[in-house]
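> just a sequence and a predicted model for now, questions to come.
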Amino acid sequence: MLMDSQRRKFLTWVINKKKLSLKDQHNFLYRLSQLLNNGYTLLHALEVLNWDRRWAFYTERIYNSLIEGASIDEALNHANFNEKVVSFMYFSNSNSDLEGTLNHCCIMLKQQIDYMKKFQQTSRYPFGLLILILVLLYFVKTSVYPSFLQLFSSISNSSAITNLSISVVTILFNSLLISILIIIFTVLVWQLAKSKLETRIKIQIYNFIPIVRSFMRLNTTFLFSLHLSSLLKAGSTLKEAFQTLNSQSQLLIISYYSSLIIRDVEKGYSLSEVLSSFLLFEKELSTIFQDNINNQALEKDLSIYSGFLMDQIQDKIKTSLSLIQPIFFVLMAGLIIFIYLSLMLPMFQLIQSI
């Protein structure tokens, strides 16, 4: 009986953790969006999607959650959809634009899928080459150079180039190995600890790392501008919009910043002053609030600005991906040439000394 109970608990846990891939989530939401645009109600659209066996499990969970009174974001979260999807759909409760929110969400997911695929394709060869280089360095360090030293010692002649090369290769091999271990350890620790860290601490960590800071500023400002503009477009006041942003639990940095905005504005600070003090907001954002005095103009400017930010994010990702392979290949080529010269030059010296 105890074993049966444990087995049932384990199976329940596995079922609850079951989730669609990011690509399947995009396809599911895209089909749902098409059905809604064609006049289907949300529940009827889910019934149609349930015809596809791939999605039957998830449509049933979403459908049952909605029937029990859950909102669309809660239903998707119950079906283990991506947190970005859940956060987008949360705002559909306030802006009353489910179709538009779904379209935005599908665009974001499609871009994320494309960039992940591009990154995998771009990093596949450098990663394989890195493994080969580590094996080569280990072989040269443990077998080739000791043989050279033994050869030179037998003829009472030492090569300064070989001695230097041994030191350099040893340092390189140890540095690469230690760097890989540090990266793996850091990623594992971060995955385990980030949910327990306060948002304020995470902001400081993001801001401390230059590459991460640049991307996080663009992404956080983009999401803040996009969601705030959609809430203003739906007729919310600024205070109501910030309260909505504060109440959601998926975008923690935006929730944290919204709580600070509400607190500091009530103390008498202007919005532009408050926004300019946030580490992960672009400086242009405070200028938009400084120049606008009505919600309609502010909503329009924020919507246009979020489009600009999306273009910047795309350009930055494309540039970063395009630089990975060339930089890595140049470094590896330089290392191979160095090893080749460290082997051949001592041989030329040995031949000349005979």
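In hand now; what should we look at?
> please, where are all the strands along the chain?
In the chain, no strands are defined using DSSP state E.
> low-confidence ranges, it, go.
Under the criterion pLDDT under 70, the flagged ranges of the chain are 1-18, 95, 151-162, 291-293, 349-354.
> look up the closest residue to the residue positioned nearest the centre of it, ignoring the ones flanking it.
For the chain, Q112 is the residue whose C-alpha lies nearest the centre (CA atoms, centre = their mean; 8.6 Å). Leaving aside its chain neighbours, Q112 sits nearest to L22 (6.7 Å; criterion: CB to CB, 6 or more residues apart in numbering). Where C-beta positions appear, they are placed from N, C-alpha and C, glycine not excepted.
> hmm, that neighbour is touching M116, no?
Yes: under the criterion of CB atoms under 8 Å, L22 makes contact with M116 at 7.4 Å.
> and those two? Which one has more around it.
L22 (17 against 12; other CB atoms under 10 Å).
> residues in contact with that one?
Applying CB atoms under 8 Å, 6 or more residues apart in numbering to L22 gives the contacts N82, L109, Q112, I113, M116.
> from these, which land in helices?
L109, Q112, I113, M116 (DSSP state H).
> tally of neighbours for the residue nearest to N103 when sequence neighbours are not counted?
Closest residue to N103 apart from its sequence neighbours, by CB to CB, 6+ apart: S33 at 5.9 Å. S33 is flanked by 20 other residues according to other CB under 10 Å.
> measure S33 to L149 for me?
68 Å (CB to CB, to the nearest Å).
> and V274, by the same measure?
Taking CB to CB, one finds V274 at 66 Å from L149.
> before we move on, what about M347?
From M347 to L149 the distance is 13 Å (CB to CB).
> still on that earlier bit, out of the ones in helices among the contacts of L22, which is nearest to L172?
Comparing these against L172 with CB to CB places M116 closest, at 30.5 Å.
> for K196, see how far away the closest one is.
26 Å.
> S236 too?
33 Å.
> show me what contacts N163?
L149.
> repeat that for V135.
Here V135 is in contact with no residue (CB under 8 Å, 6+ apart).
> okay, the ones in helices among the contacts of L22 in a markdown table with distance to E74 next?
Shown next, in a markdown table, are the ones in helices among the contacts of L22 (distance: CB to CB, whole Å):
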| residue | distance to E74 |
| --- | --- |
| L109 | 19 |
| Q112 | 22 |
| I113 | 24 |
| M116 | 27 |
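> which of those residues lies closest to N174?
For the ones in helices among the contacts of L22, the nearest to N174 is M116 (31.9 Å; CB to CB).
> contacts only, for the closest one.
Counted by CB under 8 Å, 6+ apart, M116 has contacts L22.
> begin at 3, not 1, for the rest of this chat.
New numbering, starting at 3: the last item is M118.
> map the structural domains onto the sequence of this structure.
What the TED database lists as the domains of the chain is 22-112, 202-330.
> which among the ones you listed is found nearest to V170?
Evaluated with CB to CB, the domains of the chain place domain 202-330 nearest to V170, the distance being 19.1 Å.
> if you skip the residues just before and after it, what's nearest to A77?
The nearest residue in space to A77 (CB to CB, 6+ apart) is S67, at 3.7 Å.
> what count of nearby residues applies to the spatially closest residue to I69 that is not a sequence neighbour?
Spatial nearest neighbour of I69, chain neighbours left out: L45 (7.8 Å); criterion: CB to CB, 6+ apart. Per other CB under 10 Å, the neighbour tally for L45 reads 11.
> for L45, give its distance to E101.
L45 is 15 Å from E101, by CB to CB.
> again, but for L78
Relative to E101, L78 is positioned 15 Å away (CB to CB).
> who's more crowded, the two?
Using other CB under 10 Å, the more surrounded residue of L78 and E101 is L78, with 26 against 13.
> that'll do, ta.
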